[in-house]
Structure formats: structure tokens, C-alpha cells
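**Student:** The following comprises the amino acid sequence and a computationally predicted model.
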Amino acid sequence: MSRIAASRVRLKRAYAPPAASDGMRVLIDRLWPRGVRKDAAALDLWLKDIGPSTELRKWFGHEPSRWAEFRRRYADEIAQKPQLLAQLRDIARQGVLTMVYSAHDEQHNDALVLQELILHPPTATGP
């Protein structure tokens, strides 16, 4: 699997204005960001199924104390959807991918987990 340059995988809050340098803008949340008009979001794609499950999102509640466990659980969920992660990796191989998310906490959110999985995919390990 070819390595993807970190400069090709960007994160941006849905409330920040789009920029020409964003490349392909993909909303990675299951829910549409509150108060954001569809035309203002300037999205190329909405991959709602790659967002954390409703159960996991509610459990996490953006509590920093649950961050490590959220990362593990969310990575497990993504492992069940390899085609969606592959789609994001393909976009990043072709140019800049900006994953758009709505969380207020820029240090503890699903976009960070996805970015890590895109840049450093888990390797299959044998028994």
C-alpha cells in the first residue's frame, strides 16, 4: 500500500469557510452540521456511513477522558468498512482531501482518527 503524504489529508471544521486549497471536501459526519447551509458547505461528497455509530458518538460525548477508548472503538468500526476508508485514501492519492467535521473540540474528534487511519493504515497481523 502506497504511503500518502500528510499534506494531502487536511481537517477543517464545517463552520470554517471553504478555500480553493481544500481540494476535495468530504463531510465525514453522520449528522449534518447544525446551522450550515448546504451551498455554504461547498462539499464534494458526504460519506455519512464512515462517521462513528450513533451509539459510539453518544457514548463518547466528546469527553477527553474517553478519547483513548473512543479511538480504539472507532478504529474497530472503521475496520468493518474497509471500502469507505479505501475511498478516502484514493481521494488523497489523487490530490488534497479535506475532511470536514462539525465537532467543536479540535483535539478529540472522529476526523483525527480517520486522518491517522488514512496516513498510517493498520497492518494485518497473523496469530
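**Tutor:** The structure has been received and is ready for your questions. Numbering: from 1, shown residues only.

**Student:** Nearest to the middle of the chain, which residue? Look it up for me.
**Tutor:** residue 111 (3.4 Å; CA atoms, centre = their mean).

**Student:** quick one, phi/psi of the nearest residue to that residue once chain neighbours are set aside?
**Tutor:** Leaving aside its sequence neighbours, residue 111 sits nearest to residue 101 (CB to CB, 6 or more residues apart in numbering; 4.0 Å). In this view, the C-beta of every residue, glycine as well, is placed from N, C-alpha and C. The phi and psi values for residue 101, taken as degrees, to the nearest 10, are phi -140, psi 160.

**Student:** Who does residue 101 form a beta bridge with?
**Tutor:** Here residue 101 shows beta-bridge partners residue 13, assigned using DSSP bridges.

**Student:** Hmm, residue 13 and it touching each other?
**Tutor:** Yes: at 6.5 Å, residue 101 counts as touching residue 13 under the criterion of CB atoms under 8 Å.

**Student:** neighbour count winner among these two?
**Tutor:** Of the pair residue 101 and residue 13, residue 101 is the one with more neighbours under other CB atoms under 10 Å, namely 20 against 15.

**Student:** Return the distance of that one relative to residue 2.
**Tutor:** For residue 101, the distance to residue 2 under the criterion CB to CB, to the nearest Å works out to 25 Å.

**Student:** now swap in residue 53 and tell me
**Tutor:** Residue 53 is 30 Å from residue 2, where distance means CB to CB.

**Student:** Which of the two has more residues huddled nearby?
**Tutor:** For residue 53 against residue 2, the residue with the higher neighbour count under other CB under 10 Å is residue 53, and the figures read 14 against 5.
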